[in-house]
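Colleague: missing the sequence, but the structure's below:
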């Protein structure tokens, strides 16, 4: 209960508030700038970001780097392999100044080049699959959350169905029946496309659920009513009022979805239903390495570490991003 | 009951007239979303608002006053009844037909933290009305917005700042500037100060009053507390469970409340004067407000009223004018003039 108000005269009103007059020089900061400042202070997240940037740079510059080192990923180096045991010559799996990560057993392909080229496949598939999931998930989530009722019930059930789908088995089955050319794509391009589609198309409910929940709570906020009372149309409400408030969760879930998708792609390649050899993939290299782990355990290390470091970097960065964009600090 | 013409000399023409206004919210359950019940948030309101006056709607939480505000601004569609604004029936206007009328009816929201989009700058928020209504201002939107900011007592240089950089009172001023942008005729203010500190409340109320004088605004102010609106109301309407129980000029309502519910609300207002405190009696109502899903029969207040008799649960008391400009819906009103004993 509020005390009765003693309101006298009007001397208290219509004056620019005195408190603010002294602080004119402080620059206004948007929520994005505040989040960036907070993120910069998070050393772990920034380390993750640096690793991610290095990874992207190396995968983009892979042809250049490999050209400088002079060992294309599919070139055989029989001189690096012992003809009898078929193991790499030299210690640590044949590590030398020429072959930084050593060479493969049997045919002596350069592991450094293969890991770098493998990152192309991993990142390409993970990024595009995540993009697909996020686009479908955001659109479906906003529609379900904003319109509610029957639409929401329908989309929510659809998400349940997708989540119950045995996606790994489906991927294995589908990979077996992919023709050599379809949709104007052939060979590796087609397989990459199919894998992106499978991973992206079946993961959208994870994004969709989060966005639906956020939209539900945003819809009830008074600023949406305020815009409506000014005569805003539905597209304005969705794009100008709601979507800017959904950018933070979309960004966070994208960064956390990427490592999951990298692991999934690696799993598919490991099982032999991913991109086909001789194209280098991290999962495929791991799969080859398992045959040799007793005599040449060093073969496991480069692809395994690559996956580990990449996934860890994305997860650390995603966690830091979530903390920085914390919706509680408005 | 539909005739709400006031007896006292009118301030101006009737700007807004509401007759039999109803809003039921359906309660849906199960897979097929069948309607199993309805929340009778607003159930038959009759009142009118005159140009230039301030009408306050007062009641406890859950009595339907916020719903009424949202009905008046047509943020939601009424279930029944009629809303006439400037002689035009706006009850069932589509969103598209309502759009041009929104310039004349604006709203100030309760929560200064929720009513401003955290991702928009103050300039974008206060300028949104011009953009949404496609209004060109002589010196551009920015100049108009800065003028508005100055008008509500904010620094116009804060055009590019974000809402989180302002205090609650300043945010509410931003909300007021936005509501003023289109120079509306009617402003519905939903608990405009209840989220603010007491010291800031007075400033915001003074600002609203100054603006009313300057732009000849008409206010419908929604409040849960009779003391807050006492200073600025011309007339006060008291709501209980979706119905009006009393509607009177400020003076007669505060000095001679007739409905037992109003009497109890007034007795709950803290009084700083200790001498008066000892003399007056604090009326404590029994129990909580009944559920609007299943409101009590006839007079909805009879379950908590100390004057209730058997007739109160059988026959609904109509809202009748017992004194000039003083309407009340009660079988046994307090302070009633002897001649008009119901």
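Modeller: Sure thing, it's come through. A quick note: this is a predicted structure, and the numbers were derived from the prediction, not measured.
Colleague: Residue B:35: what secondary structure?
Modeller: Secondary structure assignment for residue B:35 (DSSP: H, G, I helix; E, B strand; the rest coil): strand.
Colleague: same check, this time on residue A:240
Modeller: Taking three-state DSSP, the label given to residue A:240 is helix.
Colleague: Next, count neighbours for it.
Modeller: Residues lying near residue A:240 (other CB atoms under 10 Å in any protein chain shown) number 18. (Glycine included, C-beta is placed from N, CA and C.)
Colleague: and it, how far is that from residue A:223?
Modeller: Residue A:240 is 11 Å from residue A:223, where distance means CB to CB, to the nearest Å.
Colleague: now do residue A:158
Modeller: Distance from residue A:158 to residue A:223, counting by CB to CB: 30 Å.
Colleague: repeat for residue A:51
Modeller: Using CB to CB, which is the criterion applied here, residue A:51 is 38 Å from residue A:223.
Colleague: These two: who's more crowded?
Modeller: Taking neighbours as other CB under 10 Å, residue A:51 and residue A:223 compare with residue A:223 leading, 27 against 17.
Colleague: Model confidence score at the more buried one, please.
Modeller: Residue A:223 carries a pLDDT value of 92.
Colleague: roughly how far apart are residue A:302 and residue A:260?
Modeller: 22 Å.
Colleague: Between these two, which is the more surrounded one?
Modeller: A direct count of neighbours by other CB under 10 Å for residue A:302 and residue A:260 places residue A:302 higher, at 24 against 19.
Colleague: Tell me who's in contact with the more buried one.
Modeller: Neighbouring residues of residue A:302 by CB atoms under 8 Å, 6 or more residues apart in numbering or on different chains: A:101-102, A:111-112, A:114-115, A:285.
Colleague: Need the nearest residue in space to it, chain neighbours excluded.
Modeller: Of all residues not flanking residue A:302 in the chain, residue A:101 sits nearest, at 4.3 Å (CB to CB, 6 or more residues apart in numbering or on different chains).
Colleague: Could I get the full set of strands for the chain?
Modeller: Picked chain A for this. Using DSSP state E, the strands of chain A run over residues A:181-182, A:185-186.
Colleague: try again with chain B
Modeller: Under DSSP E, chain B gives strands at B:14-29, B:34-50, B:54-58, B:80-85, B:88-89, B:105-108, B:186-190, B:218-223, B:235-240, B:243-249, B:320-323, B:326-328.
Colleague: Looking at those, which is nearest to chain A?
Modeller: strand B:105-108 (4.7 Å; CB to the nearest CB).
Colleague: quick one: contacts of that closest one?
Modeller: So strand B:105-108 is contacted by A:225-226, A:229-230, B:69, B:72-75, B:85, B:172, B:175-176, B:179-180, B:182, B:184-190, B:192 (CB under 8 Å, 6+ apart).
Colleague: Any figure for the gap between the residue nearest to residue A:302 and residue A:298?
Modeller: 9 Å.
Colleague: Now do the shared contacts for those two.
Modeller: A:93, A:95.
Colleague: How many residues are close by residue 82?
Modeller: You didn't pick a chain, so chain A it is. A count of neighbours around residue A:82, defined by other CB under 10 Å, yields 14.
Colleague: my bad, chain B
Modeller: Residue B:82 has 16 neighbouring residues, counting by other CB under 10 Å.
Colleague: Many thanks, we can stop here.
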